[in-house]
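Novice: Sequence first, predicted model second:
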Amino acid sequence: GAVVSQHPSWVICKSGTSVKIECRSLDFQATTMFWYRQFPKQSLMLMATSNEGSKATYEQGVEKDKFLINHASLTLSTLTVTSAHPEDSSFYICSARDTLGQGPTNEKLFFGSGTQLSVL
Amino acid sequence: AQTVTQSQPEMSVQEAETVTLSCTYDTSESDYYLFWYKQPPSRQMILVIRQEAYKQQNATENRFSVNFQKAAKSFSLKISDSQLGDAAMYFCAYRSDYGGATNKLIFGTGTLLAVQP
């Protein structure tokens, strides 16, 4: 079945450093990927839509200079949290859309397992 | 803009019993998809069931079924014969059928389901 690999699963970093999170579609092409943020016991909030070969589309209120998104290939999107601060500590989840729709089910959107970021 | 509302922050059900989770949404569109996702303690998002708005027939997946009321903009999830493994956070979600591949999922606030043995 369609698999989305997200790494790392968890990361601890010092305040002021940058952290990169990778989202890979392992067995399908994904022109579009989505990045979500989830605080404890809350819902998933969309941060940005990542498009292969073009600039990401950010949701209102999300700082694009702080959350850098790169989608350089059909199977990889990265989210870099620059100059991380404790308030950036959160659970980040990516999802990838199967562009060719060749997955085993009618649903073409698949989620990674998430990354827990803790900024000290 | 579309919104999704889950009015039950927490629910509890006895093992083997049936429970219904509520979801309402607001949209002016006629073509869209609705979903229920399960997020267990591992926090992996798992698709439970999906409903196309143009289909009148309610979707079912084994013990999971929905009651889709398009006119009322209601989309409830029924879990039959509840099992301990059903304990999780459940999110209702909406996705437009317009705009192609960049369509985003809009999530409700979630319902935390506890299953009592």
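Specialist: Looks like it came in fine.

Novice: who in chain B is up against chain A?
Specialist: Residues of chain B lying close to chain A by CB under 8 Å from any CB of the partner chain are B:42-45, B:47, B:50, B:89, B:91, B:101-102, B:104-110, B:112. No exception for glycine: its C-beta is placed from N, CA and C like everyone else's.

Novice: Let's see that with 10 Å instead.
Specialist: Contacts of chain B with chain A, taken as CB under 10 Å from any CB of the partner chain, map to B:4, B:6, B:9, B:33, B:35, B:37, B:39, B:42-47, B:49-50, B:52, B:89, B:91-93, B:95, B:100-110, B:112.

Novice: what's the closest non-adjacent residue to the residue in chain A positioned nearest to chain B?
Specialist: Going by CB to the nearest CB, chain B is nearest to A:F111 of chain A, at 4.0 Å. Spatial nearest neighbour of A:F111, excluding adjacent residues (CB to CB, 6 or more residues apart in numbering or on different chains): B:M45 at 4.0 Å.

Novice: Quick one: residues contacting the one you found.
Specialist: By CB atoms under 10 Å, 6 or more residues apart in numbering or on different chains, the residues touching B:M45 are A:4, A:36, A:38, A:44, A:93, A:95, A:109-114, B:37-39, B:89, B:91, B:93, B:105, B:107.

Novice: Buried only: go through the residues of chain B next to chain A for me.
Specialist: For these, a burial check counting by 16 or more other CB atoms under 10 Å in any protein chain shown picks out B:4, B:6, B:33, B:35, B:37, B:39, B:43-45, B:47, B:49-50, B:89, B:91-93, B:95, B:103-110.

Novice: centroid residue for chain B?
Specialist: Centroid-nearest residue in chain B, with CA atoms, centre = their mean: B:W36, separated by 2.8 Å.

Novice: Look at it and tell me its secondary structure.
Specialist: Under the three-state scheme (DSSP: H, G, I helix; E, B strand; the rest coil), B:W36 adopts strand.

Novice: Pull out the buried residues from stretch A:25-38.
Specialist: A:25, A:28, A:30-38.

Novice: again with stretch B:16-31
Specialist: So stretch B:16-31, judged by 16+ other CB under 10 Å, has buried residues B:19, B:21-25, B:27.

Novice: Now flag whichever of the residues you listed is closest to chain A.
Specialist: Relative to chain A, and with distances defined as CB to the nearest CB, the nearest of the buried residues of stretch B:16-31 is B:C23, at 12.3 Å.

Novice: Partner strands of the host helix or strand of B:N67, with direction?
Specialist: Per DSSP states H and E, B:N67 falls inside strand B:64-69. Paired with strand B:64-69 in the same sheet, following DSSP bridges, are strand B:60-61 (antiparallel), strand B:74-79 (antiparallel).

Novice: pLDDT of it, averaged?
Specialist: The pLDDT scores in strand B:64-69 average 98.

Novice: Identify all contacting residues around it.
Specialist: Here strand B:64-69 has contacts from B:18, B:20-24, B:34-36, B:38, B:48-53, B:55-60, B:74-80, B:86, B:92, using CB under 10 Å, 6+ apart.

Novice: change it to 6 Å
Specialist: B:48-49, B:51, B:58-59, B:75-79 (CB atoms under 6 Å, 6 or more residues apart in numbering or on different chains).

Novice: Tell me the buried residues in it?
Specialist: Buried-residue list, strand B:64-69, by 16+ other CB under 10 Å: B:64-66, B:68.

Novice: Can you classify A:A72 as helix, strand or coil?
Specialist: Look at A:A72: counting by three-state DSSP, its state is strand.
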